[in-house]
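Chemist: Give the three-dimensional model of this entry:
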Amino acid sequence: MLVFALIFYLHFYLFIPKLFFRRQFLAYGLVFGAGLLLVSWQQPFDRLIMRHESTDRPFGPPPGLNERPERFDRSDRPAPPPTRRDSGRESLLDIVSIMLYLMIWAIGLAIAIAQRSRQSEQRATQAEADKARAELSSLKAQINPHFLFNTLNTIYTLARLNHPACTESIMKLSNIMRYVSDEVREDFVLLEDEVACLRHYIELQELRLSKKTTVKFETSGDLAHQQIPPLILMTLVENIFKHGVSNREASVIEIKVVAETGKVLFYSKNRIFQNTPESGRTGIGLDNVRKRLEHIYPDRHLLRIDDDERFFIVNLEVNT
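Modeler: Numbers count the residues shown, from 1 in each chain. This next block holds a predicted model:
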């Protein structure tokens, strides 16, 4: 059976990768036909059976033993006609050799195609994962300059006014930037760290707000045992101060973060002022949040935004 083993390995490791997968089907067909002719001619299975029969045949008595006198020479007798079994053996064994060849060829081809298909699926999955990670990294990297620009504007205003809170605000900005630079590299951060960053950011924003704007920031639940992607909530809060603040009209900003078992809830409500300096700017904002949530929490989050041209309400529910 070494012949069939040799056929399998040559077919699997040489002919399939070099001919079949390179679409050289004519050469592949010629190799297949040549192998079929070779097996039909050599009849390896027939030779194997004949070898076993010759080794299993019992030995006859020694010459001269139990000899009996005969009246005539047996060599003169006509040879008996071949039996039906002997006359059909050659063609039967020839068919077996061909069938074994076809089975080995088909099995090798099926295994090779299955392996190639599985490898292609793995490469496609890996490429999709790499693409998603690249997109997430790009989205997170785009947040930092915009956030830093807004915060520096606030500190600049305080410095020009010689505000006593300028030193404290610089320290808060330092804490925020440390969080951004360290934690933004991670896929998930503790919810309490994200909330601490929110609190510092809100306190910095309150320094530049007039008395006409009231900010209500509430948290509840076990924030220390929940995780969330970094800067998801920060982007939502930044959007609030970008469009929901006016120095001429009174407004109330409501922000709530709730941690439940296996769930994180975010709620915000603010007025919409179309004539604010930043209202016409296009940024990442909510589109950034949507894309990141779709990548990280497919079918495990709910983001509902209500905009009636007077109030802007955001409800986010993430099943962690």
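
Chemist: residues touching the nearest residue to I107 once chain neighbours are set aside, list them.
Modeler: Closest residue in space to I107, ignoring its immediate chain neighbours: F8 at 7.7 Å, by CB to CB, 6 or more residues apart in numbering. Placement of C-beta: from N, CA and C, glycine included. Contacts for F8 (CB atoms under 8 Å, 6 or more residues apart in numbering) come out as 104, 107-108.

Chemist: Next one, pLDDT for L10 please.
Modeler: Predicted confidence (pLDDT) for L10: 90.

Chemist: number of nearby residues for it?
Modeler: 14 (other CB atoms under 10 Å).

Chemist: Give the buried residues for the helix or strand containing it.
Modeler: Assessed by DSSP states H and E, L10 sits inside helix 2-10. Neighbour counts using 16 or more other CB atoms under 10 Å place 3-4, 7-8 of helix 2-10 among the buried residues.

Chemist: What are the contacting residues of the helix or strand following it?
Modeler: The first helix or strand that comes after helix 2-10 along the chain, using DSSP H and E, is helix 25-42. Applying CB under 8 Å, 6+ apart, the contact partners of helix 25-42 are 3, 7, 11, 15, 19-20, 94, 97-98, 100-102, 105.

Chemist: Please apply the same query to stretch 252-267.
Modeler: Counting by CB under 8 Å, 6+ apart, 191, 195, 198, 202, 213-223, 225-226, 228, 233, 236-237, 240-241, 244-245, 268-271, 313-320 sit against stretch 252-267.

Chemist: now swap in stretch 189-208 and tell me
Modeler: By CB under 8 Å, 6+ apart, stretch 189-208 touches 151, 154-155, 157-158, 163, 165, 169, 172-173, 175-176, 179-180, 183, 215, 217, 219, 223-224, 226-234, 237-238, 241, 245, 255, 257, 259, 264.

Chemist: separation between the residue nearest to I107 and V96?
Modeler: Computed as CB to CB, to the nearest Å, the F8 to V96 distance reads 17 Å.

Chemist: and if you look at E121?
Modeler: 37 Å.

Chemist: thinking again about what came up before, what subset of the contacts of stretch 189-208 is buried?
Modeler: Applying 16+ other CB under 10 Å to the contacts of stretch 189-208 flags 151, 154-155, 158, 169, 172-173, 176, 179-180, 183, 215, 217, 223, 226-234, 237-238, 241, 245, 255, 257, 259, 264 as buried.

Chemist: Next step: those restricted to helices.
Modeler: The helices, defined by DSSP state H, take in 151, 154-155, 158, 169, 172-173, 176, 179-180, 183, 232-234, 237-238, 241 from these.

Chemist: All set, thanks.
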